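**Student:** need a structure here:
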Amino acid sequence: MDLVLRNASLPDGRLHIDIAVEDGRIAAVGPRLAVRGAREIDAGGDLVTPPFVDAHFHMDATLSYGLPRVNRSGTLLEGIALWGELKPGLTQDALVERAMQYCDWAVARGLLAIRSHVDICDERLLAVEALLEVRRRVAPYLDLQLVAFPQDGILRSPGAFDNLKRAIGMGVDVVGGIPHFERTMGEGAASVRLLCEYAAEQGLRVDMHCDESDDPLSRHIETLAFETERLGMQGRVAGSHLTSMHSMDNYYVSKLLPLIREAGVAAIANPLINITLQGRHDSYPKRRGMTRVPELIAAGVEVAFGHDCAMDPWYSLGSGDMLEVAHMGLHVAQMTGQEAMHQCFLAVTEAPARILGLEGYGIAPGCHADLVLLDAASTVEAIRLRAARRMVIRRGVVVSEAPPARATLNLPGRPAGTDFRLGR
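**Tutor:** Model prediction:
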């Protein structure tokens, strides 16, 4: 054995568990494992989890905030227009440098798998080339899955479909789309059919920006579910955002949810961005904008949370912290019961791992030894504290370490020099 973690708490509630690692994979999981000669790490009862997974991100735009200007209105459409202004001045070196910096942030926060959309509406495919290079560089420590994303619309943007096919030929993994940004509802539905048929022919997964709108009549998720089932692509398709569902009539949603479940389409909400960009045309009351997460989960739909943006034309904040994403999702969806809060943790770990089709993910013999030791005793406490990542392990190798969050207080009427772990 190469490594053994002792006295860990696991996300499923098991306590005092040891995890033995050999040749980059988990060899054994159980209490008081008889292991000799391996490096030992005492978890001290803290939570050990598989790594965080971000099911929806835009790495080609990350860390570009303020270039060439700031999004003054804070709207989705100004962000898209601003990205269009930025694209002509992009260089491959700058794209790679910003993406690599973000990947460093991600690893330090235990985020070891990211699905990033990459814009293919630039004839040069500069961003595609840059992120393929980033994927090659980070492969030893981070799984980067790329989606060919027609930001300006696959039908609306001349040459976009040819560009998408070129990007797939270069090694991009997933077919993307944005039907609500096409010129008409009919064109949006046609784009869903076109892209799903192409993905089915190529044996690829699909992840579409779908109905990222406050318009309750934006119903492309219905078409996506229909095409998924028609083409036999169950389990390979995701609809991202789905924010129009927040504003839809309840009767229509009662019909829609079973259609999504029957088609095996996953839903990816992006709490930080959905509540920032949606409801911008409202006065009061203002809609929160995020899709119906608890209702989707209750209907049996696979639901994940994504970070979406970090310091880019759409969002001026962000740090690669998926616990921050889960924390926001919990509040916006009003998922404050114990089991519901645990589900929010799963929405940034196990659920997105299944959506991405990650091989060897989990804490069981045979899985990759990719683990995160958190400064928390449970999944709920981890979200509450946005817990420090005491240790991040990739294939059995420690790639990042940080001390637990502690404070020493000297307060009147309290014992001098009181040392305690924050929030615990």
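**Student:** assign a three-state SS to the residue positioned nearest the centre of the chain, would you?
**Tutor:** With distances taken as Cα atoms, centre = their mean, Asp54 lies nearest the centre of the chain, 2.2 Å away. Applying DSSP: H, G, I helix; E, B strand; the rest coil to Asp54 yields a three-state assignment of strand.
**Student:** if I pick it, what's in contact with it?
**Tutor:** The contact partners of Asp54, taken as Cβ atoms under 8 Å, 6 or more residues apart in numbering, are 106, 111, 113-115, 306-307, 322, 325, 348, 352. Just so you know, the C-beta spots here come from the backbone N, C-alpha and C atoms, and that holds for glycine as well.
**Student:** what about 10 Å?
**Tutor:** Neighbouring residues of Asp54 by Cβ atoms under 10 Å, 6 or more residues apart in numbering: 106, 111-116, 145, 268, 270, 304-308, 320, 322, 325, 348, 352, 356.
**Student:** go on, Gly320?
**Tutor:** 52, 54, 57, 62, 101-111, 114, 307, 310.
**Student:** again with Arg219
**Tutor:** 179-180, 185, 188-189, 210-211, 244-245, 248, 252, 256.
**Student:** picking that back up, just the buried members of the contacts of Gly320?
**Tutor:** Buried members of these, counted by 16 or more other Cβ atoms under 10 Å: 52, 54, 57, 62, 102-103, 105-111, 114, 307, 310.
**Student:** of those, which belong to helices?
**Tutor:** 102-103, 105-108 (DSSP state H).
**Student:** quickly note the distance from Arg390 to Gln338.
**Tutor:** 24 Å (Cβ to Cβ, to the nearest Å).
**Student:** okay, now the unreliable bits of the stretch 301-424 of the chain?
**Tutor:** Under the criterion pLDDT under 70, no range of the stretch 301-424 of the chain is flagged.
**Student:** CSV for the contacts of Arg219, including pLDDT and distance to Ala407?
**Tutor:** Formatted as CSV, the contacts of Arg219 follow (pLDDT from 0 to 100; distance: Cβ to Cβ, whole Å):
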residue, pLDDT, distance to Ala407
Pro179, 98, 50
His180, 97, 47
Met185, 97, 55
Gly188, 98, 52
Ala189, 98, 56
Cys210, 98, 44
Asp211, 98, 45
Ser244, 98, 44
Met245, 98, 42
Met248, 98, 46
Tyr252, 98, 51
Leu256, 98, 48
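**Student:** with secondary structure, neighbour count and distance to Gly264 added, can I get the residues you listed in TSV?
**Tutor:** What follows is those, written out as TSV (DSSP: H, G, I helix; E, B strand; the rest coil; neighbours: other Cβ atoms under 10 Å; distance: Cβ to Cβ, whole Å):
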residue	secondary structure	neighbour count	distance to Gly264
Pro179	helix	29	19
His180	helix	24	22
Met185	helix	16	24
Gly188	helix	25	22
Ala189	helix	19	20
Cys210	strand	32	15
Asp211	coil	29	18
Ser244	helix	23	21
Met245	helix	27	18
Met248	coil	21	21
Tyr252	helix	14	21
Leu256	helix	22	15
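**Student:** nearest to Glu401 among those?
**Tutor:** Comparing the contacts of Arg219 against Glu401 with Cβ to Cβ places Cys210 closest, at 39.4 Å.
**Student:** check what pLDDT Leu76 gets.
**Tutor:** Note on Leu76: pLDDT of 89.
**Student:** the nearest residue to it once chain neighbours are set aside and Pro271, how far apart?
**Tutor:** Computed as Cβ to Cβ, 6 or more residues apart in numbering, the closest residue to Leu76 that is not its neighbour in sequence is Leu277, at 4.6 Å. Going from Leu277 to Pro271 by Cβ to Cβ gives 11 Å.
**Student:** buried sites along stretch 358-375?
**Tutor:** Here stretch 358-375 shows 358, 360-363, 367-375 as buried, counting by 16+ other Cβ under 10 Å.
**Student:** picking that back up, Serialize the ones in helices among the buried ones among the contacts of Gly320 to CSV and add fields for distance to His16 and pLDDT.
**Tutor:** Output for those, formatted as CSV (distance: Cβ to Cβ, whole Å; pLDDT from 0 to 100):
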residue, distance to His16, pLDDT
Tyr102, 36, 98
Cys103, 34, 98
Trp105, 33, 98
Ala106, 30, 98
Val107, 28, 98
Ala108, 28, 98
